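K.L.:
Please find the sequence and the predicted model below.
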Amino acid sequence: MARSLEARQVFDLAERLLIVTEHRAPIYRCARCRRLTKAMFPAGVTGPAQYGERIKAAAIYLNVQQLLPEDRAAQTLGDLFGAPGLCPASLTAWVGRRARDLERVYAGIGARVARAKVRHLDETGLRVAGKLHWLHTTSSEAFTFYRAEEKRGAIPVDLKGGVIVQDGFVPYGALDDVEHALCNAHHLRELKALIEIDGEAWATPMRDTLLAARAAVRKAREAGATALAPGQLQAFEEQYWAAVREGLAFHRALPKLARKAQSRGRLKQRPGFNLLARFKTFKHDVLRFLVDFAVPFTNNLAEQDIRMTKVKMKISGAFRTLAGARTFACLRSIVSTARKKGCDILQTLAATPDQISQALLA
């Protein structure tokens, strides 16, 4: 007599992954007029033999999400799915056509992220036709919007109100219709170098102040608070200014750096002094996370969103044209946004533009 049941499961791929569906359209001849009438094929079935939307979506997924170049993506599909005759040119055409079909969704993502209360900005270089170009990102918790531009200073101009989190890139300062928050992960890295390499004593209390402030905000947020107690906020600001004053006194006592021969313009300053000047001038931007809990401590969101572009450059190399780079920016924006919203990437890429718009922009 059986006392119990033990179950074990094996998950595996089907032996035949590529499914072929044949559509047959009856052709009739009228007995009276002798003219032929042919039934219509389903929408999208245009040739005697063609690939379907899901395998096209898989090809785009390999190219845009997994960052495989076109020839390796085509080879992968051939090896895994037994897709005969799939060439890199076909994959390139599918990627370009999909980007054109989704231009409205891409523009909608840009409009949504521009209206977010908190946006993260970052940029990174990419090679296009042998020249340095730039990929810019404007990110929020729910949306990612990429732009491929010729210039690093091509900052977004449609941001009004709210806060932008950024790493101190000077052109971002021209955005005067928004509040600014500086990335404190950058500050902590610079302070670490000043402590361990340059031995500047003021950097230790400044580092400790920033870390303690971050911990206090996390604790207050976990307790359901929306702001620090006034006394606690004042204490952090006093510690901040004390570290700045200590650092400025330290640098005033140092001898000035020697001017290089035939050099002109402003005398070069030490890295520690430059960081102190930033802390002094942009105190509100450095500590904005203390007074607005919606503002994060770092700009890590944008850095994470843009990091994979470096992987793209290492795997696939440069883009041949700026249009190709912008196609990548469009589809990568849609894939990244879909992932943030918990959507299935393959199903998203295989869906109609209206379905994608409903899933990502509604």
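P.N.:
The structure has been received and is ready for your questions. Residues are numbered from 1 along each chain as shown.
K.L.:
make it CA atoms for all contacts and neighbour counts henceforth
P.N.:
Noted.
K.L.:
Which residues does the helix or strand of the chain with the lowest mean pLDDT contact?
P.N.:
Least confident element among the helices and strands of the chain, by mean pLDDT, DSSP states H and E: helix 300-316 (a mean of 87). With Cα atoms under 8 Å, 6 or more residues apart in numbering as the contact definition, helix 300-316 has outside contacts at 67-69, 120-124, 126-127, 137-141, 144, 185, 336.
K.L.:
Could I get the buried residue list for that helix?
P.N.:
300-303, 305-306, 309, 312, 316 (16 or more other Cα atoms under 10 Å).
K.L.:
Dump the helix ranked longest in the chain to PDB, restricted to CA.
P.N.:
Ordering each helix of the chain by length in residues (DSSP state H) puts helix 230-252 first. Extracted in PDB, the C-alpha atoms of helix 230-252 (Å, rounded to 0.1, in the frame of the first residue of the first chain):
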ATOM      1  CA  PRO A 230      14.700  70.000  13.000                       C
ATOM      2  CA  GLY A 231      17.400  69.500  15.600                       C
ATOM      3  CA  GLN A 232      18.800  66.500  13.900                       C
ATOM      4  CA  LEU A 233      18.900  68.300  10.500                       C
ATOM      5  CA  GLN A 234      20.600  71.300  12.100                       C
ATOM      6  CA  ALA A 235      23.300  69.100  13.700                       C
ATOM      7  CA  PHE A 236      24.200  67.500  10.400                       C
ATOM      8  CA  GLU A 237      24.500  70.900   8.800                       C
ATOM      9  CA  GLU A 238      26.700  72.200  11.600                       C
ATOM     10  CA  GLN A 239      29.000  69.100  11.200                       C
ATOM     11  CA  TYR A 240      29.100  69.700   7.400                       C
ATOM     12  CA  TRP A 241      30.100  73.400   7.800                       C
ATOM     13  CA  ALA A 242      32.700  72.500  10.500                       C
ATOM     14  CA  ALA A 243      34.400  70.000   8.000                       C
ATOM     15  CA  VAL A 244      34.300  72.600   5.300                       C
ATOM     16  CA  ARG A 245      35.900  75.300   7.500                       C
ATOM     17  CA  GLU A 246      38.600  72.800   8.700                       C
ATOM     18  CA  GLY A 247      39.400  72.000   5.100                       C
ATOM     19  CA  LEU A 248      39.600  75.600   3.900                       C
ATOM     20  CA  ALA A 249      41.900  76.400   6.800                       C
ATOM     21  CA  PHE A 250      44.100  73.500   5.900                       C
ATOM     22  CA  HIS A 251      44.400  74.600   2.300                       C
ATOM     23  CA  ARG A 252      45.100  78.200   3.100                       C
END
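K.L.:
And the contacts of the helix or strand following it?
P.N.:
Once helix 230-252 ends, the next helix or strand along the chain (criterion: DSSP states H and E) is helix 271-281. The contact list for helix 271-281 (Cα under 8 Å, 6+ apart) reads 190, 194, 200, 244, 247-248, 251, 286.
K.L.:
ranges for the strands of the chain?
P.N.:
Using DSSP state E, the strands of the chain run over residues 27-29, 36-38, 118-128, 131-139, 144-149, 163-166, 179-182.
K.L.:
looking at those strands, which is closest to residue 345?
P.N.:
Of all these, strand 144-149 sits nearest to residue 345, with 14.5 Å by Cα to Cα.
K.L.:
Only alpha carbons, please: show that closest one as PDB.
P.N.:
The C-alpha coordinates for strand 144-149 follow below in PDB (Å, rounded to 0.1, in the frame of the first residue of the first chain):
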ATOM      1  CA  THR A 144      14.600  55.100 -19.000                       C
ATOM      2  CA  PHE A 145      15.100  57.400 -21.900                       C
ATOM      3  CA  TYR A 146      18.300  57.200 -23.900                       C
ATOM      4  CA  ARG A 147      19.500  59.700 -26.600                       C
ATOM      5  CA  ALA A 148      22.500  59.300 -28.900                       C
ATOM      6  CA  GLU A 149      24.100  62.700 -29.700                       C
END
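K.L.:
any idea of the angle that strand forms with strand 131-139?
P.N.:
160 degrees (axes from the mean of the first three to the mean of the last three Cα atoms, to 10 degrees).
K.L.:
Neighbouring strands of strand 144-149 in the sheet, and parallel or not?
P.N.:
Strand pairing for strand 144-149, determined by DSSP bridges: strand 131-139 (antiparallel).
K.L.:
re earlier: which one of the strands of the chain lies closest to residue 293?
P.N.:
Here strand 118-128 is closest among the strands of the chain (Cα to Cα), at 10.8 Å.
K.L.:
of all the buried residues of helix 300-316, which comes closest to residue 48?
P.N.:
Closest to residue 48, out of all of the buried residues of helix 300-316 and judged by Cα to Cα, is residue 316, at 33.3 Å.
K.L.:
got the buried residues of helix 300-316 as TSV, with distance to residue 322 columns?
P.N.:
Listed next are those as TSV, based on distance: Cα to Cα, whole Å:
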residue	distance to residue 322
300	27
301	26
302	22
303	22
305	20
306	18
309	15
312	15
316	15
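K.L.:
Tell me which residues of stretch 90-98 come out buried.
P.N.:
So, applying 16+ other Cα under 10 Å, buried residues of stretch 90-98: 91-92, 94-96, 98.
K.L.:
got it, and stretch 344-358?
P.N.:
345-346, 348-351, 353, 356-357.
K.L.:
Quick one: residues in contact with it.
P.N.:
Under Cα under 8 Å, 6+ apart, the answer for stretch 344-358 is 53-54, 56-58, 60-61, 101-102, 105, 335, 338-339.
K.L.:
List only those of these flagged as buried.
P.N.:
Looking at the contacts of stretch 344-358 with 16+ other Cα under 10 Å, the buried ones turn out to be 53, 56-58, 60-61, 102, 105, 335, 338-339.
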